[in-house]
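Undergrad: Here's a sequence, model it:
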Amino acid sequence: MRTGRPLLAAAALAVVTTTAAYTFGPGADQSPATNEKKTTMAAPAAACKADARYPKRELRGVWIATTQNIDWPSKPGLSAAKQQAEYRKILDSAAKRNLNAVFVQVRPASDALYKSSLEPWSQYLTGTAGKDPGWDPLPFLVEESHKRGMEFHAWFNPYRASYGDSTAKLPAGHPARQHPDWTVKYGGRLYYNPGLPAVRDHVTKVITDVVDRYDVDGVHFDDYFYPYPVAGVKFDDTAAFKKYGKGEKLAEWRRGNVNTLVAEVDKAVHQAKGHVKFGISPFGIWRNKSNDPTGSKTSGMSAYDSIYADAREWIKSGTVDYVLPQLYWPRGHSAADYGTLVRWWADEVKDSDVQLYIGHGLYRVGAKDDKSWTKPGELSAQVGLNRDNKQVDGAVYFSAKQLLTNPLGAMDRVAKTHYSRPALLPLSKDLGGQAPAPPAKASASGAQLSWKPSSGARAYAVYQLPKSGKDCHTTDARNLVAVVSDPSYAARSAGTYLVTSLDRLHHESKAVKVKVDAV
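TA: Numbering: from 1, shown residues only. Model (predicted):
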């Protein structure tokens, strides 16, 4: 078992009224150029002081929500070509800002945006649940991401069975229709009962099926576990509690059910493919100090007590590779100050093997119910706070729609201030992998750099040395100009370039040096 280091979902995005806390719900060989110059291995870099403005490794991601067509596809019933064009547009917008990961919702509600024998086609593709769209989107979604040097995390909602509460209206082969005893009606929706071993087995089987058949880089859960409380409505899991409770208190039993699923999914994912990451994006407040003296100095909803999500336990037990808390509040918020929460989560992952990324409320930018979100620089300032905490390894933005609309120019400001250079992905030490061989036969023909693909390489990093020749490529990203999937790069100016090979987890080879005389 991995030991725990620092390492959405649903449709409507709402302001949680529990003391005003916000939430949502979350290539081929190329021949050397004819005028090939001799490739040389770059000499070991002299010591460089790291420039904090250009971190060498940092995850920068965006959530792409499919539920209720929030982000993609923009509406049901589009042709495959239009769906593909929309997805490419999102990725191109992300790439322009030097993002390097996407978290795509492939299972919004016990349905599938991919060809599955276990669950029906999602209604968000065609408008009709269970209707075959005529193509399998997932290979395309993954490949297009990898083309741009981006990780692809498959995002699953584990317990939501349907946005309605009638099993009779579900497609004939839907698991909830076949097993109505697995479900609980609550607040007008249908949920799988987390207390049933059969439910955990099914969810784990669905996820393992995707990991086995598709080249995903990660498996991702958002903040939906037991449903968010509905005033005056009981989540009726009494029968399951009597059968499986074993004398525990109800709340402890419910948290145990979630923890068991998390551990089972973690084990199954890594047994299927050891390099695939598993992480969770919990609600931003674990517990408040009023609930627990070790909680955060906040006064919002407690995920531990309200939806039975114990992120501290996942970190402690090492059943996740990363946590990605949704901190959708601004700095200075009276109930949930952004800076307070970043520091709390950084302390939680300290001395563990779990990576910490922060979920940012891009969708909140421009909201007039809080003056802080009307300031174009709030989001950028939050990223700056992240970098003040060494345990924070990156950020993910909700969601892709606002990445395209760029409210108040906030995302452009983030990119200009913090993402002016690309970044490699943070290393996950427990997932194996190793640096591929350095690129071979690297050469320049005019402005075009090319090299022979390296076995085991997913991508290549290209650096341009300054005129001084000072090589700091092992220290930070000040000279990193591109991360490319193909063994070629079009230089924009003459100079000395370094090229390295990266495996899928971004272990980096030694560099080879290539000179471009003119562009």
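Undergrad: When you work out contacts or count neighbours from here on, use the C-alpha atoms and nothing else.
TA: Will do.
Undergrad: give me the element the residue nearest the centre of the chain is part of.
TA: In the chain, the C-alpha nearest the mean C-alpha coordinate belongs to Phe103, at 4.2 Å (CA atoms, centre = their mean). Here Phe103 sits within strand 101-107, counting by DSSP states H and E.
Undergrad: Run through who's touching that strand.
TA: Among residues not part of strand 101-107, those counted as contacts by CA atoms under 8 Å, 6 or more residues apart in numbering are 59-67, 112-114, 122, 145, 150-157, 220.
Undergrad: what kind of secondary structure is Asp212 in?
TA: The local conformation at Asp212, judged by DSSP: H, G, I helix; E, B strand; the rest coil, is helix.
Undergrad: Strands of the stretch 51-200 of the chain, start to end?
TA: 59-64, 101-107, 151-156, 160-162, 183-186, 189-192 (DSSP state E, counting those that start in this stretch).
Undergrad: Please read the previous query as pertaining to the stretch 201-350 of the chain.
TA: Secondary structure of the stretch 201-350 of the chain (DSSP E, counting those that start in this stretch): strands at 218-221, 277-280, 322-323, 326-327.
Undergrad: Look at the residue nearest to Tyr463 when sequence neighbours are not counted and report its pLDDT.
TA: The shortest distance from Tyr463 to any non-neighbouring residue, by CA to CA, 6 or more residues apart in numbering, is to Leu480 (4.3 Å). Model confidence at Leu480, given as pLDDT, is 98.
Undergrad: contacting residues for Leu480?
TA: Each residue near Leu480 by CA under 8 Å, 6+ apart is listed here: Arg421, Pro422, Ala423, Ala461, Val462, Tyr463, Gln464, His473.
Undergrad: quick one: which of those residues is nearest Val484?
TA: Proximity of the contacts of Leu480 to Val484 (CA to CA) peaks at Ala461, which lies at 6.5 Å.
Undergrad: Are we agreed that the closest one is in a strand?
TA: Yes: judged by three-state DSSP, Ala461 forms part of a strand.
Undergrad: Look up how far Val258 lies from it.
TA: Per CA to CA, to the nearest Å, Ala461 is found 40 Å from Val258.
Undergrad: next one: Val483
TA: As for Val483, its distance to Val258 is 38 Å (criterion: CA to CA).
Undergrad: and what of Ser116?
TA: From Ser116 over to Val258 the distance is 25 Å, taken as CA to CA.
Undergrad: Bridged to the closest residue to Ile64 other than its chain neighbours, which residues?
TA: Counting by CA to CA, 6+ apart, Val104 is the residue found nearest to Ile64 once chain neighbours are left out, at 4.8 Å. Beta-bridge pairing of Val104 under DSSP bridges involves Ile64, Ala154.
Undergrad: how about the strands in the stretch 401-519 of the chain?
TA: Per DSSP E, counting those that start in this stretch, the stretch 401-519 of the chain carries strands over the ranges 440-445, 448-452, 459-464, 480-484, 488-490, 495-502, 512-516.
Undergrad: Dump the ones you listed into JSON lines; add distance to Thr319 as well.
TA: Rendered in JSON lines, the data for these read as follows (distance: least, CA to CA, whole Å):
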{"stretch": "strand 440-445", "distance to Thr319": "39"}
{"stretch": "strand 448-452", "distance to Thr319": "39"}
{"stretch": "strand 459-464", "distance to Thr319": "28"}
{"stretch": "strand 480-484", "distance to Thr319": "30"}
{"stretch": "strand 488-490", "distance to Thr319": "39"}
{"stretch": "strand 495-502", "distance to Thr319": "26"}
{"stretch": "strand 512-516", "distance to Thr319": "38"}
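Undergrad: residues in contact with Gly366?
TA: Taking CA under 8 Å, 6+ apart as the criterion, Gly366 is in contact with Trp373, Thr374, Lys375, Pro376, Pro407, Leu408.
Undergrad: For the helix ranked longest in the chain, name the packing helices and strands.
TA: Determined from DSSP state H, the single longest helix within the chain is helix 250-272. Counting contacts by 3 or more CA pairs under 8 Å, 6 or more residues apart in numbering; DSSP states H and E, the secondary-structure elements packed against helix 250-272 are helix 197-213, strand 277-280, helix 311-317.
Undergrad: In it, which residues are buried?
TA: Burial within helix 250-272, assessed by neighbour count using 16 or more other CA atoms under 10 Å, is assigned to 253-270.
Undergrad: And for stretch 446-453?
TA: Neighbour-count burial for stretch 446-453, counted by 16+ other CA under 10 Å, picks out Gly446, Ala447, Leu449, Ser450, Trp451, Lys452, Pro453.
Undergrad: Please verify my assumption that the first one contacts Gly495.
TA: Same thing as Gly446. No: with contact defined as CA atoms under 8 Å, Gly446 does not count as touching Gly495 (11.4 Å).
Undergrad: and for those two, which residues touch both?
TA: When contacts are counted by CA under 8 Å, 6+ apart, Gly446 and Gly495 are jointly contacted by Val516, Asp517, Ala518.
Undergrad: Which of those ranks first by neighbour count?
TA: Looking at those with neighbours defined as other CA atoms under 10 Å, the largest count falls to Val516 at 20 neighbours.
Undergrad: confidence score at that one?
TA: 97.
Undergrad: I'd say it and Ala444 touch.
TA: Yes: with contacts defined as CA under 8 Å, Val516 counts as touching Ala444 at a distance of 6.0 Å.
Undergrad: Quick one: residues contacting Asp236.
TA: Here Asp236 is in contact with Val184, Lys185 (criterion: CA under 8 Å, 6+ apart).
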